[in-house]
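Participant: predicted model follows, preceded by the sequence.
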Amino acid sequence: MRGDAIAAAFAVEIRERYGDVARDRWPVSVDPRPDELLSSWINRLALANGIAPRSFSGVLGCGDGMWSPRLDLQLPGHIAAFLGDRSGVPQDAISAMALTGWALTPLLLPRRENTRRQRSTWMQYCPQCFAQDETPYFRRQWRLASRISCFVHGCGLRDRCPACRSGIVSYDQGQLVPQHFCARCGFDLRGAPKATVKAAVRRLEHVIADIFTVESAKRLAEASDVILRVQRAPAAADIGSARTLANLSTTARIRCFGELAAKPLDWLVTDKDAAVAHRRWMIAAAGGHDRFIACFANFLDKHQARPRSTCPTRPSAELADLLAAYIWGENKNFSRRHA
């Protein structure tokens, strides 16, 4: 086709250079979602601005491999500042999505590009969360080895694509495809089969999470002790594995928790400090978030002699505050009885 014919068929107009139009800000800003992991937000930011995640690593100067998961664990100040300047998202909000300084860091699943069947991958996901998300994203809590089910939907988490069995490698996606599609085979992870987790297993998982919440907010030594106990859970479960919890696949960890749910909780709650052991036993007896809130409400009714409203209300206080207040009262009674 001749040049004049092309000009006649298509209206060609000279516009400003892209850099002059966009200046120091990228065209599309992406707001972080609740509990979103930094690498998840970075992948969404790249796709929203028309860059595949694999190529976006070059924009940030991060190299190849698991570049965005590396930023989850160690976010350099200059990259945080660069992302903030170009995205318009406050730098403190960006840093809050990283895992730096998290008390539960020892329980993070290790970063692995290649995984065997019974070994852990670096990331888990809930297909039902993906299906309900307006824009599917990965949660920070899904990085924990102690998290085996979704606290919203009650189903088991998954750590692999059910079609090709590869782990989550959205950081290596070379196409403009949302991160809930497998980067290896293109399977839509929202369609992954539901994994069933028994109620007793989910109850144990909630107990562990509640103990973490309280002890991380109190003394670091206690938190480190209980984290080490959970890491050694496979030995307590006697499942014939010398590996720590973080080195097991999600399926193997669900089986491990299943064995532990049928055993006494001594492996988790006993401590040389009687007050610490008592506090852990009280959390275990409550059985998780909802039941613990109910116990706290009963405690207030009993000790403050206030009639409880018949209208159900949603607690406005943070769970850590409620747990701390309830446990303070119980520990006070415990001390009086054993004085």
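Facilitator: The structure has been received and is ready for your questions.
Participant: what is the neighbour count of residue 262?
Facilitator: 10 (other CB atoms under 10 Å). C-beta here means a position set from N, CA and C on the backbone, and glycine is covered the same way.
Participant: same check on residue 248?
Facilitator: Neighbour count of residue 248, defined by other CB under 10 Å: 23.
Participant: quick one: the closest residue to it other than its chain neighbours and residue 234, what's the gap?
Facilitator: In space, and not counting its chain neighbours, residue 248 is closest to residue 120: 5.8 Å by CB to CB, 6 or more residues apart in numbering. Residue 120 sits 12 Å away from residue 234, taking CB to CB, to the nearest Å as the criterion.
Participant: for residue 198, see how far away the residue nearest to residue 248 is.
Facilitator: 21 Å.
Participant: ok so, going back, mutual contacts of residue 120 and residue 234, please.
Facilitator: residue 248 (CB atoms under 8 Å, 6 or more residues apart in numbering).
Participant: how's the protein carved up into domains?
Facilitator: 1-196, 199-337 (automatic domain parsing).
Participant: a markdown table for the ones you listed, including mean pLDDT?
Facilitator: Below are those laid out as a markdown table (pLDDT from 0 to 100):
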| stretch | mean pLDDT |
| --- | --- |
| domain 1-196 | 89 |
| domain 199-337 | 77 |
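Participant: ok, residue 233 touching residue 256?
Facilitator: Yes. The criterion here is CB atoms under 8 Å, and residue 233 meets it with residue 256 at 5.8 Å.
Participant: where do the contact lists of those two overlap?
Facilitator: Common neighbours of residue 233 and residue 256 (CB under 8 Å, 6+ apart) are residue 245.
Participant: residues touching residue 124, list them.
Facilitator: Contact analysis of residue 124 by CB under 8 Å, 6+ apart lists 109, 142, 143, 147, 157, 158, 159, 250.
Participant: for the residues you listed, give me CSV that also has secondary structure, neighbour count and distance to residue 211.
Facilitator: CSV is the format used below for the contacts of residue 124 (DSSP: H, G, I helix; E, B strand; the rest coil; neighbours: other CB atoms under 10 Å; distance: CB to CB, whole Å):
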residue, secondary structure, neighbour count, distance to residue 211
109, coil, 24, 20
142, helix, 22, 19
143, helix, 25, 19
147, coil, 22, 14
157, coil, 24, 20
158, strand, 23, 25
159, coil, 22, 24
250, helix, 23, 21
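Participant: list just the nearest of the residues you listed to residue 127.
Facilitator: residue 158 (6.7 Å; CB to CB).
Participant: distance-wise, check the nearest residue to the closest one once chain neighbours are set aside relative to residue 249.
Facilitator: Closest residue in space to residue 158, ignoring its immediate chain neighbours: residue 192 at 5.5 Å, by CB to CB, 6+ apart. When distance is defined by CB to CB, residue 192 is 15 Å away from residue 249.
Participant: also residue 67?
Facilitator: Applying CB to CB, the value for residue 67 to residue 249 is 24 Å.
Participant: for residue 184, same thing?
Facilitator: Relative to residue 249, and taking CB to CB, residue 184 is found at 17 Å.
Participant: cool, residue 119 as well?
Facilitator: With distances taken as CB to CB, residue 119 is found 6 Å from residue 249.
Participant: more neighbours, those two?
Facilitator: Using other CB under 10 Å, the more surrounded residue of residue 119 and residue 249 is residue 249, with 20 against 16.
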